[in-house]
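> Next one to model:
(one chain, ligands or ions: 2)
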Amino acid sequence: MDILHEKNRSIVLISGKARELITLPQGDEFTIVESADITKAMHSLIDETEHDHTNAVIFLTRDEYPELSNLLGVLGFARVSCQLVIFGGEDFLKSLGSENLRDISEVRTAPLSAAEFTFVVRKTFAVVKDLYLNHALQETYLARLIDTRKDQEDLINMGRALSIEKDQEKLLRLILFLSKRITGADAGSIFLVEHDEEGQKRLRFKYSHTFSRDIRLEERVMPMDKKSISGYVAVTGEVLNIPDAYSLPADTPYSFNPSFDKKHNYRSRSMLTVPMKNHVDEIIGVIQLLNCKEQPEKVSDGTDEAFTIKLETSEDFDRYVVTFDKKYDSLMEAVAGQAAIAIENNRMIMQIQNQFEEFVKASVSAIESRDPATSGHSFRVAEICKAMASAVNVENEGYLGGVSFTDTQIKELELAALLHDFGKVYIDLSVFRKAKKLYPKDFDNLCLRLNYLYRFLELQYTSHEAELMRSIGKEGDAAAALRDFVKEKNEKLQRIKDIKEKLCQMNEPAVMEENPEEVLERIAQEIDEIDCVSVEGDRLCVISPADIMNLSIRRGSLNPMERKEIESHVTHTYCFVSKIPWPPEYKNIPEIALRHHEKLDGTGYPDGLKGRESTLIQSRIMAIADIYDALSASDRPYKKAVPLERVLKIMQEEAEKGILDADLVDLFIRNRIYEKISRDSFREYSLEEPGREKGVSCGF
Ligand SMILES: [Fe+2]
Ligand SMILES: [Fe+2]
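Ligands and ions are numbered 1, 2, ... in the order given. I've put the predicted structure just below:
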């Protein structure tokens with residue numbers, strides 16, 4: 001209630017001594033109180049005036065004035081406005097300083113007749129009321145000023161809070177919390193406009209909270225029409241400030257649904273429903289507030305009524321619930337506008353994030369499709385990394401007990417994992433797919449030359465054999481010589497076959513027991529001795545230096561240059577990923593991806609970093625995820641899938657040797673992270689071509 005409209009009473013207070021000097025008029029125009037002790041009477045007046053305001057005209061004599069004047073000093077705190085009429089002589093008039101004059105209306109030097117009394121009282125009340133009115137106006141404007149300032153502060157704080165929150169669910173909670181706090185509402189709901197499958201608008205009841213009831217309501221959709229209160233506001237954009245939901249005017253198109261009240265023993269009374277309009281005035285939702293508990297006589301004293309008064313009984317609803325003040329119509333419109341912009345901003349951010357993530361996934365799929373043998377690898381590594389980071393978050397012991405990842409850091413790790421082998425795109429596919437020490441065409445050429453050598457030798461022996469056959473009968477020992485010659489021929493030709501077989505074996509990426517260089521040197525020497533020439537008569541180089549270099553590879557199928565090229569995928573990844581303008585929270589992505597092949601003992605690449613401190617933990621997690629997936633993959637052409645027990649054993653051995661982070665390997669095994677990854681779940685990302693040749697793939 002406004003201070004200007006509160007009840008006033010008017011009292012004439014007359015001291016015993018003053019009474020002797022007054023002739024009272026007939027009638028009951030004034031409420032007159034006579035008292036022998038005027039100071040005591042004033043105290044009583046102050047005590048009685050607890051809620052309403054009192055205007056008082058006090059008649060007293062000069063000797064009573066000093067004691068009463070002390071009391072007047074405290075009247076500022078009481079709800080009493082008064083003026084004094086004092087009986088005194090000339091000397092009293094002279095004794096009054098200017099500082100006392102504010103409370104004194106008149107000083108009388110002679111008794112008052114009834115008519116004079118009536119005039120003095122009327123005139124003094126007029127002055128008192130005027131003074132009071134001025135004071136009341138001042139207080140009202142000051143209160144409104146404070147209130148407006150608080151509203152402004154609330155709006156500014158709300159804008160700030162809403163702009164910070166990036167999680168959509170938390171944002172909706174925050175919007176409702178702040179709306180309830182600002183208006184003193186007991187409950188509230190947020191509805192968002194969405195489109196159904198046919199593109200028709202509908203309202204989604206998204207979130208609600210009732211301070212006086214512990215209820216969690218499920219999301220649901222409802223038609224966006226004028227039949228419901230929220231629907232009406234969403235369609236028309238009007239603000240509805242309803243004093244009592246059960247007493248709607250008969251001509252309203254909307255009605256109130258009392259099912260919530262019935263189910264939860266609640267009583268919806270006052271209701272404020274405002275549209276959430278975005279920057280182009282489009283309605284994106286509705287905020288509905290219920291049961292204002294902000295008591296009208298309290299002008300924004302800083303307490304949050306919404307969170308102090310609990311509405312339990314029907315009496316509570318009658319006692320505490322009031323109509324939402326009119327000022328909240330516009331204030332909540334401003335709040336809803338800010339909320340709409342925050343919601344839209346969040347939607348846009350999420351949309352951009354989703355688009356970017358989908359683009360990353362599509363790009364990774366495209367790259368992995370070049371090599372079906374590793375399809376899904378990056379996606380599985382990303383899943384393992386996420387599962388490991390979550391496991392680290394609940395770890396209590398060891399150095400991992402002091403490590404934790406935020407949701408944003410886990411997302412950063414996931415993106416880094418998806419892109420960790422992106423640099424493969426820069427590597428010659430044939431190197432990547434090289435399954436044996438010689439490329440198929442090089443091995444085929446070698447076989448052709450060996451076949452030529454075989455035929456060359458066979459031809460040489462055959463022509464010599466014919467000569468020997470012709471000399472049989474002419475020379476006595478020719479038959480014996482022919483037998484020896486055929487034997488030698490067969491042995492030599494068989495040797496070529498053996499050499500071919502040996503080279504075929506050596507072409508396999510398996511580790512050789514013999515020294516391959518020595519074996520190849522012997523073979524080259526043997527072939528050299530044959531002195532094979534081409535059709536043109538040139539000396540034929542059957543095993544080229546390149547063949548010798550490749551067949552000399554002791555482990556795997558890659559020669560040192562090819563290995564270097566494959567290893568360069570991490571620096572290519574780094575260069576590519578560094579060019580993406582990541583937001584600050586994702587700044588570590590290039591570094592995490594760059595280090596996924598570093599080993600703790602310094603044998604990794606690209607920089608051979610040594611020790612745990614030299615790399616981010618995210619890179620060490622990724623190294624484990626990468627190795628696990630490479631070992632357990634069943635679709636690698638150069639090796640069969642290693643059984644799980646063996647994979648875990650290998651990882652443990654690597655940890656014991658100080659190659660992998662032992663704490664993380666232990667965490668991986670203890671938490672059975674491998675069980676959380678379904679290999680088949682990433683097939684959707686594969687663009688496998690049936691029957692395509694499989695080649696050497698990552699694991700690098
Ligand atoms: Fe890699
Ligand atoms: Fe990898």
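> Look up how far residue 40 lies from residue 496.
Computed as Cβ to Cβ, to the nearest Å, the residue 496 to residue 40 distance reads 137 Å. C-betas here are computed from N, CA, C, even on glycine.
> And for residue 604?
96 Å.
> And these two? Which one has more around it.
Applying other Cβ atoms under 10 Å to residue 604 and residue 40 shows that residue 604 carries more neighbours, namely 21 against 10.
> thinking the more buried one is in contact with residue 610, fair?
No: proximity of residue 604 to residue 610 does not meet the contact threshold set by Cβ atoms under 8 Å, at 9.1 Å.
> Does residue 192 lie in a helix or a strand, and which?
Residue 192 belongs to strand 185-195 when assigned by DSSP states H and E.
> tell me what the helix or strand just after that strand is packed against?
As assigned by DSSP H and E, the chain's next helix or strand after strand 185-195 is strand 201-210. On a contact count with 3 or more Cβ pairs under 8 Å, 6 or more residues apart in numbering; DSSP states H and E, strand 201-210 meets helix 168-183, strand 185-195, strand 220-223, helix 229-236, strand 283-292.
> Kindly recompute the last result at 10 Å.
Using 3 or more Cβ pairs under 10 Å, 6 or more residues apart in numbering; DSSP states H and E, the elements in contact with strand 201-210 are helix 168-183, strand 185-195, strand 220-223, helix 229-236, helix 259-264, strand 283-292.
> can you tell me the residue of the stretch 101-250 of the chain closest to ligand 2?
residue 166 (30.6 Å; Cβ to the ion).
> Return the host helix or strand of residue 523 as CSV; C-alpha atoms alone will do.
Using DSSP H and E, residue 523 sits within helix 516-530. Coordinates of the C-alpha atoms in helix 516-530 are reproduced here as CSV (Å, rounded to 0.1, in the frame of the first residue of the first chain):
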residue,chain,number,x,y,z
PRO,A,516,69.0,-60.2,-44.4
GLU,A,517,71.9,-58.1,-45.8
GLU,A,518,74.2,-61.2,-45.7
VAL,A,519,71.6,-63.4,-47.4
LEU,A,520,71.0,-60.8,-50.1
GLU,A,521,74.7,-60.3,-50.7
ARG,A,522,75.2,-64.0,-51.2
ILE,A,523,72.2,-64.2,-53.6
ALA,A,524,73.4,-61.1,-55.5
GLN,A,525,76.8,-62.7,-55.9
GLU,A,526,75.3,-66.0,-57.2
ILE,A,527,73.2,-64.1,-59.7
ASP,A,528,76.1,-62.0,-60.8
GLU,A,529,78.1,-65.1,-61.6
ILE,A,530,75.4,-66.1,-64.1
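> got the contact list for that helix?
Contacts to helix 516-530, defined as Cβ atoms under 10 Å, 6 or more residues apart in numbering, come from residues 437, 449-450, 453, 456-457, 460, 492, 495-496, 498-500, 502-503, 505-506, 512, 515, 539-543, 545, 547-549, 551-554.
> cutoff 6 Å now
Residues outside helix 516-530 that contact it (Cβ atoms under 6 Å, 6 or more residues apart in numbering): 499, 542, 543, 548, 551, 552.
> And for stretch 8-24?
With Cβ under 6 Å, 6+ apart, stretch 8-24 has contacts from 30-34, 36, 38, 41, 53-61, 64, 87, 111-114, 117, 121, 125.
> Please point out which parts of that stretch sit buried.
Residues 8, 10, 11, 12, 13, 14, 15, 17, 18, 19, 21, 22 are the ones in stretch 8-24 that count as buried (16 or more other Cβ atoms under 10 Å).
> cool, stretch 587-603 as well?
Quick answer for stretch 587-603 (16+ other Cβ under 10 Å): 588-600.
> Ramachandran coordinates for the residue nearest to residue 115 when sequence neighbours are not counted?
In space, not counting the residues next to it along the chain, residue 115 is nearest to residue 25; the distance is 7.3 Å by Cβ to Cβ, 6 or more residues apart in numbering. In terms of degrees, to the nearest 10, the main-chain angles of residue 25 are phi -80, psi 160.
> State the number of residues packed around residue 25.
Residues within reach of residue 25, counting by other Cβ under 10 Å, total 17.
> domains of this structure?
3-140, 167-348, 370-429+564-685, 440-556 (automatic domain parsing).
> how far does the first one sit from the chain's center?
Taking Cα atoms, centre = their mean, to the nearest Å, the mean C-alpha location of domain 3-140 is offset from the chain mean by 67 Å.
> One more: the second one?
The chain centroid and the centroid of domain 167-348 are separated by 26 Å, computed with Cα atoms, centre = their mean.
> Quick one: end-to-end distance for it.
12 Å (Cα to Cα, to the nearest Å).
> for the last one, same thing?
Counting by Cα to Cα, you get 16 Å between the two ends of domain 440-556.
> what pLDDT, on average, does that domain get?
For domain 440-556, the mean per-residue pLDDT is 89.
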